[in-house]
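In: Everything below, folded, please.
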Amino acid sequence: MQVWNEYQDKNKDRFLNELLELLRIPSISAKSENKEDMVKCAAAVQQRLVEAGVDKATIYPTDGHPIVYAEKIIDPDKPTVLVYGHYDVQPVEPLELWHSAPFDPVIIDGKIFARGSCDDKGQVYMHIKALETLIQTDTLTNNIKFCIEGEEEVGSPNLGKFVETHKELLKADVVLISDTAMISLETPSIDIGVRGLSYIEVTVTGPNRDLHSGVYGGAVANPITMLAKMIASCHDENNHITIPGFYDDVVIATAEERKLMAESPFDEQEYKNDLGIKELWGEKGYSTNERTGIRPTLELNGIWGGYQGEGAKTVLPGKATAKISTRLVPNQSSLKITAMLLEHFKKIAPPNVTVSAFEHHGGEPYMTPIDSKAYRAAAKAMETTFGKKPIPVRGGGSIPICALFEKELGIKIVFMGFGLDSDNLHSPNEKFNLENFYKGIETIPYFHKYFTEMSL
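Out: Numbers count the residues shown, from 1 in each chain. Reported below is the predicted structural model:
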């Protein structure tokens, strides 16, 4: 609508400056040292929602980091959209690989470089500015609620209790999430599903202390070596996961869905060039898009043990530790897979070491029905602003709260992500294209308009 474009063009510089202020807050949920920053960021989100025109905005304490709830109710009989997002961000290490300070945002070549720029502060802020646009142009046709949490990056451990306790407060017709990516501005897409997650930590212990590698090497099992062998045994020569029962519940994608995925634009050489690698790797018999969307995976997220300081120290370490995650597809249960992983690593441990393992967090896979009003409204909104129909795709990441919202609130979720897979999410030099940021603000009001029209 012309009135939306005029308002957004007039205020685009302010929108950006407000986002940059939010990005300067180091809201790292995984680190206790940033606890006060989490409180500060929640207050900043609350303030921006108030300025955007919500009726009320409240900060709810949890046993961890606070949740920000806000609402704009124009008529209880009108459709209600619940916007979910998160203000917490991933840790920034390794810091030396950043080209600029992670919490001092800079704009280079039309891109905002900062931790949280895309995941998820930038995308949350699109919704806040879209709401402001609708209110200031007197064109809001539905009710909008916000649930912005501060623990998504650590598995949302307290969100379940909050949702269960505040079902009436969160009552809505659909959950709208922008915490995913799209293929490109030239080829818009909508995620119709995200994978589940199981995240564990495994520690292998050998001798009761670090040993001299000359005196004891060759006589005592090295925990790093044993752990490396255990991890390596989890994939066979076809890069198929070898853990017994791992694939038992996997829903195999249909030939029709695989055909549709194959139609999505994908330049393998460009993909490799962007990552700085010579060859791709993955499960035999599947394309790259299939490996990152419809197939489960097991990945090593971190491993350490022994001496890691400057210079050399000839030591045989007493223990070694690894963080391991699996991405899950429909019908796989994170609880079942987690129990399977913990048992497997204890079972395959050689007798010359001991193994301890525990779960960090997990979440279930989720699929969005493409025949729903919400999906059709999202697709029509993107077609309106991009000039072409979006392609339905499967996302490779995980949003643990999806299954929770559907179970507790009895409503479906629709994804409208405006980031890119190349935005360095969870990596150094995270970025968000300004054009994508503004495109999100332009598109989201159309979702509300079309969802209302389809619901009445």
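In: Give the other helices and strands that the least confident helix or strand in the chain by mean pLDDT contacts.
Out: Least confident helix or strand of the chain, by mean pLDDT, DSSP states H and E, is helix 255-262 with a mean of 85. Helix 255-262 sits against helix 288-291, strand 391-394, with contacts defined as 3 or more Cβ pairs under 8 Å, 6 or more residues apart in numbering; DSSP states H and E. For every residue, glycine as well, the C-beta is placed using N, CA and C.
In: mind redoing it with 6 Å?
Out: Under the contact criterion of 3 or more Cβ pairs under 6 Å, 6 or more residues apart in numbering; DSSP states H and E, helix 255-262 touches no helix or strand at all.
In: Next secondary structure after that helix?
Out: helix 268-275 (DSSP states H and E).
In: Mind exporting the C-alpha coordinates of that following helix to PDB?
Out: Extracted C-alpha coordinates of helix 268-275, given in PDB (Å, rounded to 0.1, in the frame of the first residue of the first chain):
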ATOM      1  CA  GLU A 268      27.100 -25.600  -6.100                       C
ATOM      2  CA  GLN A 269      30.200 -23.800  -7.100                       C
ATOM      3  CA  GLU A 270      29.000 -20.500  -5.700                       C
ATOM      4  CA  TYR A 271      28.100 -22.400  -2.500                       C
ATOM      5  CA  LYS A 272      31.600 -23.800  -2.200                       C
ATOM      6  CA  ASN A 273      33.300 -20.500  -3.100                       C
ATOM      7  CA  ASP A 274      31.300 -18.700  -0.300                       C
ATOM      8  CA  LEU A 275      32.500 -21.300   2.200                       C
END
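In: Can you give the contact residues for that helix?
Out: For helix 268-275, the external contacting residues (Cβ atoms under 6 Å, 6 or more residues apart in numbering) are Ser422.
In: Give me the mean pLDDT for it.
Out: Model confidence over helix 268-275 averages 93 on the pLDDT scale.
In: what about that helix, distance to the chain center?
Out: Chain-centre distance of helix 268-275: 22 Å, with Cα atoms, centre = their mean, to the nearest Å.
In: what bridges to Ala57?
Out: Ala70 (DSSP bridges).
In: Contacts only, for it.
Out: Gln46, Leu49, Val50, Ala70.
In: tally of neighbours for the first one?
Out: Counted with other Cβ atoms under 10 Å, the burial measure for Gln46 works out to 22 neighbours.
In: any idea how far Pro79 is from the residue nearest to Phe146 when sequence neighbours are not counted?
Out: With sequence-adjacent residues excluded and distances taken as Cβ to Cβ, 6 or more residues apart in numbering, Phe146 is closest to Ala70, at 4.3 Å. Separation of Ala70 from Pro79 (Cβ to Cβ, to the nearest Å): 17 Å.
In: Might you report the residue contacts of the residue nearest to Phe146?
Out: So Ala70 contacts Leu49, Val54, Ala57, Phe146 (Cβ under 6 Å, 6+ apart).
In: hmm, try it at 8 Å
Out: For Ala70, the contacting residues are Gln46, Leu49, Val50, Val54, Lys56, Ala57, Thr58, Lys145, Phe146, Ile148, by Cβ atoms under 8 Å, 6 or more residues apart in numbering.
In: starting at the chain centroid, how far to the helix or strand that contains Tyr199?
Out: Assigned by DSSP H and E, Tyr199 belongs to strand 196-205. Counting by Cα atoms, centre = their mean, strand 196-205 is centred 19 Å from the centre of its parent chain.
In: That strand pairs with which strands, parallel or anti?
Out: Strand 196-205 has these partner strands in its sheet, going by DSSP bridges: strand 319-328 (antiparallel), strand 354-363 (antiparallel).
In: what's the spacing between stretch 388-400 and its chain's center?
Out: 12 Å.
In: Counting neighbours, what do you get for Met126?
Out: For Met126, the number of neighbouring residues by other Cβ under 10 Å comes to 26.
In: actually Gly410, not the one I typed
Out: Using other Cβ under 10 Å: Gly410 sits among 10 other residues.
In: From Arg115, how far off is it?
Out: 35 Å.
In: Repeat that for Gly64.
Out: The spacing between Gly64 and Arg115, counted by Cβ to Cβ, is 19 Å.
In: And the two? Which one has more around it.
Out: Between Gly64 and Arg115, counting by other Cβ under 10 Å, Arg115 is the more crowded of the two (26 against 18).
In: low-scoring stretches of the stretch 51-200 of the chain, by residue?
Out: Within the stretch 51-200 of the chain, no stretch has pLDDT under 70.
In: let's go with 90 and repeat that
Out: Residue ranges of the stretch 51-200 of the chain with pLDDT under 90: 155, 193.
In: All the helices of it, residue numbers only.
Out: Here the stretch 51-200 of the chain has its helices, by DSSP state H, counting those that start in this stretch, at 121-136, 159-165.
In: What of the stretch 301-450 of the chain?
Out: Under DSSP H, counting those that start in this stretch, the stretch 301-450 of the chain gives helices at 334-347, 373-386, 401-409, 434-455.
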